[in-house]
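J.: One predicted model, sequence on top.
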Amino acid sequence: MKKFADAFVRNADGSWFCRAPAEFVAQSGVRMSVTPGATYRQGRPFNGMEIARWLDDWDAHGTQPPGVEFL
């Protein structure tokens, strides 16, 4: 999980900016690669997945969101 979270930096507006490549697998088995340079915001899913919400949960609680495996 640390590798995935370290790939992101939180912006002042609460969004997350991807600064390094990252991968994760959702509970559905969907494997996703996250591209550097992208910004993720709450309420704007990426391929149906709430990356910003997951990162907010990790940042606030230090726990991996249920149903997501960060690689």
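T.: Okay, I see it.

J.: Look up the pLDDT of the residue nearest the centre of the chain for me, please.
T.: Nearest to the mean C-alpha position of the chain, by C-alpha atoms, centre = their mean, lies Ile51 at 3.8 Å. As predicted, Ile51 sits at a pLDDT of 81.

J.: so how far is Arg19 from it?
T.: Distance, Ile51 to Arg19, by C-beta to C-beta, to the nearest Å: 14 Å. (C-beta placed from N, C-alpha, C; glycine too.)

J.: to the chain's geometric centre, what's the distance from the lengthiest helix in the chain?
T.: For the chain, the longest helix by residue count, based on DSSP state H, is helix 51-61. For helix 51-61, the separation from the chain centroid amounts to 7 Å (computed by C-alpha atoms, centre = their mean, to the nearest Å).

J.: give me every residue that touches the nearest residue to Asp6 once chain neighbours are set aside.
T.: Nearest non-adjacent residue to Asp6, counting by C-beta to C-beta, 6 or more residues apart in numbering: Ala20, 7.2 Å away. Ala20 sits next to 6-7, 36 when contact means C-beta atoms under 8 Å, 6 or more residues apart in numbering.

J.: For Ala20, which three-state class applies?
T.: At Ala20 the chain is in coil, as set by DSSP: H, G, I helix; E, B strand; the rest coil.

J.: Any regions of this structure where pLDDT drops low?
T.: 1-4, 47-48, 63-71 (pLDDT under 70).

J.: show me the contacts for the closest residue to Ala22 other than its chain neighbours.
T.: Among residues not flanking Ala22 along the chain, Ala7 sits closest, at 3.9 Å (C-beta to C-beta, 6+ apart). Neighbouring residues of Ala7 by C-beta under 8 Å, 6+ apart: 18-22, 34, 36.
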